[in-house]
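Peer 1: Please find the sequence and the predicted model below.
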Amino acid sequence: MGRLGPAARDALPALHRLAGSGRMGERTAAAEALWRIGGDPEPVLPVFRTAWSENPCTRGAIAGCLAATGPAAAPLRDLMTAELATARRHTARPGGFGSHDIAQDERLLSDCRQALASQ
């Protein structure tokens, strides 16, 4: 829905409800769509902050959205700065990395840098 942008405005009430309940992945996806459709960071940033802290697997999608958000992502600057400063990556697992883990982690770091640079 988020890819439709403002053309999907009719979905905003349902996305607001979904961003406030359900599983973390659903809330994060709904918040991302809310931003892309409505452009209002107010209901989105608290969802992103909670998801970032509670489920590191959501960080890639969130960072991608924040990179596209520009200056409105400033309230989450602390999360992105901490991510860039962390030597031990949250994607590290016993037994090592898979090749896709490295690419996803590099994308996360790139999106964090881009989001910080746009503020």
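Peer 2: Arrived safely. Numbering: from 1, shown residues only.
Peer 1: C-alpha from now on. contacts and neighbour counts both.
Peer 2: OK.
Peer 1: Any buried residues in stretch 49-58, and which?
Peer 2: Within stretch 49-58, the residues scored as buried using 16 or more other CA atoms under 10 Å are 49, 51-52, 58.
Peer 1: Then stretch 29-46?
Peer 2: 29-38, 41, 44-46.
Peer 1: okay, how far is it across that stretch, tip to tip?
Peer 2: 13 Å (CA to CA, to the nearest Å).
Peer 1: likewise stretch 33-48?
Peer 2: Note: stretch 33-48 ends 12 Å apart using CA to CA.
Peer 1: Now do that stretch, average pLDDT.
Peer 2: Average pLDDT, stretch 33-48: 91.
Peer 1: now that stretch: how far from the chain's centre is it?
Peer 2: Between the mean C-alpha location of stretch 33-48 and the chain-wide mean there is a distance of 10 Å, by CA atoms, centre = their mean, to the nearest Å.
Peer 1: same thing with stretch 65-78?
Peer 2: With CA atoms, centre = their mean as the basis, the mean position of stretch 65-78 lies at 9 Å from the chain mean.
Peer 1: Quick one: end-to-end length of that stretch, please.
Peer 2: This stretch, stretch 65-78, spans 16 Å end to end (CA to CA).
Peer 1: same deal with stretch 34-48?
Peer 2: Start-to-end span of stretch 34-48 (CA to CA) is 12 Å.
Peer 1: For it, give me every contacting residue.
Peer 2: In this structure, residues lying in contact with stretch 34-48 by CA atoms under 8 Å, 6 or more residues apart in numbering are 1-9, 12, 15-16, 19-20, 27-28, 31-32, 62, 72-73, 75-76.
Peer 1: So for the chain, the centremost residue is which one?
Peer 2: residue 62 (0.8 Å; CA atoms, centre = their mean).
Peer 1: Run through the strands of this protein in chain order.
Peer 2: Remark: no strands are assigned in the chain by DSSP state E.
Peer 1: out of everything not next to it in sequence, what's closest to residue 5?
Peer 2: Spatial nearest neighbour of residue 5, chain neighbours left out: residue 37 (4.1 Å); criterion: CA to CA, 6 or more residues apart in numbering.
Peer 1: what's the neighbour count on residue 23?
Peer 2: When neighbours are counted by other CA atoms under 10 Å, residue 23 registers 11.
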